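Asks: for reference, the sequence and a predicted model appear below.
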Amino acid sequence: MLARFKRILKEEKITSREFAKLLGVTYPSFRSMTKKSSVVIPKWVTAFVIAYHLGKGIDDDGICTFCEEKENGFGEDGLFCKECHKMLNG
Ligand SMILES: [Zn+2]
């Protein structure tokens, strides 16, 4: 989840410092919350990743932006692949 979070920031060209500022926390605090060795992943990281993918869904190439699989086929809502649709909808 953390790796995915960091990849999104990179893709969107948002630096850690900028994100910390957007979040309203100090940079050192941001760094400690998102360090690789973190055992507990902050819920806002998970929320951010989910919301990001909700906004993106399946991209133009038919690749699910959540799991990045192409083979699973579209879910009923056309947002994610069948597997992710199942996972997100329980
Ligand atoms: Zn998927």
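Replies: Looks like it came in fine.
Asks: from now on I want contacts and neighbour counts done on CA atoms only, so please keep to that.
Replies: OK.
Asks: for stretch 32-39, measure first residue to last.
Replies: 11 Å (Cα to Cα, to the nearest Å).
Asks: would you list the phi and psi of the nearest residue to Cys64 once chain neighbours are set aside?
Replies: Using Cα to Cα, 6 or more residues apart in numbering and skipping residues adjacent in sequence, the residue nearest Cys64 is Ile58, 4.5 Å away. Main-chain dihedrals, Ile58, degrees, to the nearest 10: phi -80, psi 130.
Asks: so Ile58 sits against Lys82, correct?
Replies: No - with contact defined as Cα atoms under 8 Å, Ile58 does not reach Lys82; the gap is 11.0 Å.
Asks: give me the common contacts of those two.
Replies: Phe74 (Cα atoms under 8 Å, 6 or more residues apart in numbering).
Asks: sorry, back to before: what residues are up against the residue nearest to Cys64?
Replies: Taking Cα under 8 Å, 6+ apart, we find Ile58 in contact with 64-65, 74, 78-81.
Asks: ok, and which of those reach the ion?
Replies: 64, 81 (Cα under 5 Å from the ion).
Asks: quick one: buried ones out of the contacts of Ile58?
Replies: For the contacts of Ile58, a burial check counting by 16 or more other Cα atoms under 10 Å picks out 64-65, 74, 79-81.
Asks: pLDDT, secondary structure and distance to Ile41 added to those residues, as JSON lines?
Replies: Output for the buried ones among the contacts of Ile58, formatted as JSON lines (pLDDT from 0 to 100; DSSP: H, G, I helix; E, B strand; the rest coil; distance: Cα to Cα, whole Å):
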{"residue": "Cys64", "pLDDT": "84", "secondary structure": "strand", "distance to Ile41": "23"}
{"residue": "Thr65", "pLDDT": "78", "secondary structure": "coil", "distance to Ile41": "21"}
{"residue": "Phe74", "pLDDT": "75", "secondary structure": "strand", "distance to Ile41": "29"}
{"residue": "Leu79", "pLDDT": "74", "secondary structure": "coil", "distance to Ile41": "25"}
{"residue": "Phe80", "pLDDT": "81", "secondary structure": "coil", "distance to Ile41": "23"}
{"residue": "Cys81", "pLDDT": "86", "secondary structure": "strand", "distance to Ile41": "25"}
